[in-house]
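Kindly return the folded structure for what I paste below:
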Amino acid sequence: PQELRFNRWLADRSIAFLERQADAQEPFFLWCSFPDPHHPFCPPEPWASMYDPASIPLPARRAGELDDLAPFYREIYESAMQLSGRREPTRVGDEQIREIIARTYGMISFIDQEVGRVLDRLESLGLRENTIVIFMADHGDMMGDHWLINKGPFHFEGLLRVPFIWSWPGHFPQGVATSGLASLLDFAPTLLDLCGVPIPEGELPAFPEAPLHLPPWPGASLAPQLRGECQSVQDSVLV
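Numbers count the residues shown, from 1 in each chain. Modelled structure (predicted):
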């Protein structure tokens, strides 16, 4: 049942953390990481049946597309290659694709509810105005696009374009989407910059007796972009 699902547990633990921090009156960092949406596609009710698979349109796919791509795409499609926690071919029927998408929509709606609970508590505790909130994901899912499911070494937008939503009342304009380039590598330097924390560069004294010598911090601070001062802070990103 949803009451015992990890999404609910994580939201409850996050809310409890916020309640402790409201009393502490000191800066905090909370990483609330939901495993969903993710395969296996098994959300609890009522989310599992919230969306009717028969009503789900199939993704656009072109006949012969796999013949035009690098050979490993067809190998993943047809063979039992171990990839992304899966040991079976990605070649599944249209009925299964519709069910995968419908159940994923259900998982997303479940996450919407739990994120809403966390944000509502942040608001009721009086912490919202002074808290930077970021909603992000590590990768997308092919969901049948290009005849593929799950993830893999695919440079398609279904995997590369992920949520990257920043909210800070009074500091960032609301409801604005930018087409400027951004990468998940920009997350840490941006957050450190906004909090006034120096961004490490060069030597990182992880162990005083053997400091690690690192190249400059990867990524860039998106702070000017988030404030609406520019369209993009960088002209390229590496995937």
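
going forward, measure contacts and count neighbours with C-alpha atoms only.
OK.

Do a quick rundown of the strands in the protein.
Ranges of strands in the chain, per DSSP state E, are 133-136, 164-167, 203-204, 212-213.

Would you single out the least confident of those strands?
Between the strands of the chain, the one with the least mean pLDDT is strand 203-204; it has a mean of 52.

Name the residues of stretch 88-98 that are buried.
Neighbour counts over stretch 88-98 (16 or more other CA atoms under 10 Å) mark 89-91, 97-98 as buried.

how close does residue 226 get to residue 138?
Separation of residue 226 from residue 138 (CA to CA, to the nearest Å) stands at 20 Å.

Contact partners for residue 152?
Residue 152 makes contact with 83-84, according to CA atoms under 8 Å, 6 or more residues apart in numbering.

and if we set it to 10 Å?
Contact analysis of residue 152 by CA atoms under 10 Å, 6 or more residues apart in numbering lists 73, 76, 83-84, 139, 141-142, 159.

Show me the one in these that has more neighbours than the rest.
Neighbour counts for these, by other CA atoms under 10 Å, peak at residue 141, which reaches 22 neighbours.

Quick check: it touching residue 149?
Yes. If you go by CA atoms under 10 Å, residue 141 and residue 149 touch, sitting 6.6 Å apart.

Give the residues shared as contacts by the two.
residue 39.

lowest average confidence, helix or strand, in the protein?
strand 203-204 (a mean of 52; mean pLDDT, DSSP states H and E).

Mind putting the contacts of residue 152 into JSON lines with distance to residue 65 and pLDDT?
Formatted as JSON lines, these follow (distance: CA to CA, whole Å; pLDDT from 0 to 100):
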{"residue": "73", "distance to residue 65": "10", "pLDDT": "90"}
{"residue": "76", "distance to residue 65": "14", "pLDDT": "87"}
{"residue": "83", "distance to residue 65": "21", "pLDDT": "73"}
{"residue": "84", "distance to residue 65": "22", "pLDDT": "71"}
{"residue": "139", "distance to residue 65": "23", "pLDDT": "93"}
{"residue": "141", "distance to residue 65": "18", "pLDDT": "93"}
{"residue": "142", "distance to residue 65": "15", "pLDDT": "93"}
{"residue": "159", "distance to residue 65": "18", "pLDDT": "93"}
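
Looking at those residues, which is nearest residue 24?
Distance to residue 24 across these (CA to CA) is lowest for residue 139, with 34.6 Å.

Hmm, the closest one is touching residue 162, no?
Yes. The criterion here is CA under 10 Å, and residue 139 meets it with residue 162 at 6.0 Å.

Between these two, which contacts overlap?
Residues touching both residue 139 and residue 162 by CA under 10 Å, 6+ apart: residue 184.
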